[in-house]
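Student: What follows is a predicted structure for the sequence shown.
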Amino acid sequence: MNILIIGGNRYVGKRLTARLLDSGHVVTILNRGSSPAPAGVGAGAPLPVEQLIADRNDEAALESVLGDRTFDVVVDQVCYTPRQAAIARRVFGRRARRYVMTSTVEVYEYEDSAAPVREEAVDPRAVAVDLDLPWEDEGFLGAHYGEGKRQAEAVFAAAPPFPYTAVRVAHVLGGEDDFTGRVEHYARRIRAGEPIAVPAVNRPATYVYVEEIAEFLAWAVEAEFTGPVNAHSHGPLTTADMCAEIERQVGGRTVLQEVEVGEVSPFSFTRSYGMDNSRATALGFSFSDSAQWLSRALSETLGAR
């Protein structure tokens, strides 16, 4: 297949690119050119991909750089707002047979269910879209990340039919190139025996290993299903689960400090953050259990520090 990846030059994207190339697909990367096309994971020759340079927010620039190119599948790694989704629908409506958008567990930010949340809890066809909100403002977008993704999904789900898949990705762990700093947040405090702020009622969440979500996206590219799909490994994790493994690897002492108000550590949640992955499983993807990869994932990230 001929596949375009928008923003696929780091972290999950470069792993996805490598898998697609290994499977014999032709891959093109589209980004702003601030970094080169991915050179793969670890050492090695650059991957044989074409790089197109354009700002995905600039519709005229997209039209110009794409020309008469068409693609079997477009994988959009950096669609955060309904405005970006609307541009993508117009530009790729006649250029792509199918569109795979990387969405997020954050679309469920208003859900708080003891049971894992299924896709129908947030039906993008029922989500109101407001293109006039200040989506270009970084502060606004950061504070409304889940809402931006919900509305982006809604744009793709609206009539007329547009063949799209929204992969609602759980919190991602692993990789020496994890750029979030969340694991190191815990490691620093555990090494020093400093308190780690957690809510008084600290809920578990679902996670996915970086290599597994890249594998899932590659599988989704080759599939034909559409609509939202939850993607995460089996076995929810708690803050204590991750701290225990980090302590085992770096030494020190874990001190969890319950707080009623104020900022808490990044993998601490006052509400349930569990998704249900039964749709993906029924479609044919076999997820691993978090216990199988947690040690390896944390070791990769901590070893790079």
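Tutor: Thanks, I have the structure now.
Student: tell me the contacts of A54?
Tutor: For A54, the contacting residues are 30, 32, 61-62, 64-65, by CB atoms under 8 Å, 6 or more residues apart in numbering. Just so you know, the C-beta spots here come from the backbone N, C-alpha and C atoms, and that holds for glycine as well.
Student: Buried ones among these?
Tutor: 30, 62 (16 or more other CB atoms under 10 Å).
Student: out of the contacts of A54, which one sits closest to A88?
Tutor: Nearest to A88 out of those is L62 (CB to CB; 8.5 Å).
Student: Other residues contacting the host helix or strand of R296?
Tutor: Taking DSSP states H and E as the definition, one finds R296 inside helix 290-303. For helix 290-303, contacts defined as CB under 8 Å, 6+ apart pick out 173-176, 178, 183-184, 187, 207, 209-212, 233-237, 241-242, 245-246, 249-250.
Student: Quick one, which of the residues you listed are buried?
Tutor: Burial by neighbour count, judged by 16+ other CB under 10 Å, picks out 173-175, 178, 183, 187, 207, 209-212, 233, 235-237, 241-242, 245-246, 250 from those.
Student: on that earlier part again, buried by neighbour count: which residues of the helix holding R296 qualify?
Tutor: 290, 293-294, 297-302.
Student: Taking the contacts of A54, tell me the two that lie furthest apart.
Tutor: Maximum distance among the contacts of A54 (CB to CB): 14.3 Å, for R32 and S64.
Student: If we go by neighbour counts, what in the helix or strand of the chain with the lowest mean pLDDT is buried?
Tutor: Scoring the helices and strands of the chain by mean pLDDT, DSSP states H and E places strand 50-53 at the bottom, with a mean of 91. Buried residues in strand 50-53, counted by 16+ other CB under 10 Å: L52.
Student: Distance-wise, check the nearest residue to Y209 once chain neighbours are set aside relative to N277.
Tutor: Spatially, and ignoring its direct neighbours in sequence, Y209 is nearest to W293 (4.3 Å; CB to CB, 6 or more residues apart in numbering). Using CB to CB, to the nearest Å, W293 is found at 15 Å from N277.
Student: same deal with V49?
Tutor: 30 Å.
Student: who has more neighbours, the two?
Tutor: Remark: of V49 and N277, N277 carries more neighbours, 24 against 20, as counted by other CB atoms under 10 Å.
Student: didn't the more buried one look like it was pressed against P236?
Tutor: No - N277 is beyond contact range of P236, at 11.1 Å (criterion: CB atoms under 8 Å).
Student: Mind listing the shared neighbours of the two?
Tutor: Common neighbours of N277 and P236 (CB under 8 Å, 6+ apart) are T206.
Student: I'd like to know which of the contacts of helix 290-303 are part of strands.
Tutor: Among those, the members falling in strands are 173, 207, 209 (criterion: DSSP state E).
Student: ok, which stretches of the chain are helices?
Tutor: 12-22, 59-66, 82-92, 138-143, 145-157, 182-192, 210-222, 239-250, 278-283, 290-303 (DSSP state H).
Student: what stretches of this protein score poorly on pLDDT?
Tutor: Along the chain, segments meeting pLDDT under 70 span 35-47, 304-305.
Student: Buried ones in stretch 198-210, by neighbour count?
Tutor: 198-199, 202-210.
Student: Spatially, which two of those residues are the most separated?
Tutor: Once CB to CB is applied, those give P199 and V210 as the farthest pair, at 26.3 Å.
Student: Out of the buried residues of helix 290-303, which comes closest to W135?
Tutor: Within the buried residues of helix 290-303, the smallest distance to W135 is 30.9 Å, found for T301 (CB to CB).
Student: Can you spell out which helices and strands pack onto the strand ranked longest in the chain?
Tutor: Looking across the chain with DSSP E, the single longest strand is strand 96-104. For strand 96-104, the packing partners by 3 or more CB pairs under 8 Å, 6 or more residues apart in numbering; DSSP states H and E come out as strand 71-76, helix 82-92, helix 145-157, strand 164-169, helix 210-222.
Student: Out of these, flag the one nearest A121.
Tutor: Using CB to CB, the nearest of the helices and strands packed on strand 96-104 to A121 is strand 164-169, at 10.3 Å.
Student: partner strands of the closest one, parallel or antiparallel?
Tutor: Counting by DSSP bridges, the strands paired with strand 164-169 are strand 96-104 (parallel), strand 227-231 (parallel).
Student: May I see those strands organised as CSV, with mean neighbour count and distance to V75 added?
Tutor: Putting those into CSV (neighbours: other CB atoms under 10 Å; distance: least, CB to CB, whole Å) gives the following:
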stretch, mean neighbour count, distance to V75
strand 96-104, 23, 5
strand 227-231, 23, 13
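Student: For the ones you listed, give me JSON lines that also has distance to A88.
Tutor: Shown next, in JSON lines, are the strands paired with strand 164-169 (distance: least, CB to CB, whole Å):
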{"stretch": "strand 96-104", "distance to A88": "7"}
{"stretch": "strand 227-231", "distance to A88": "17"}
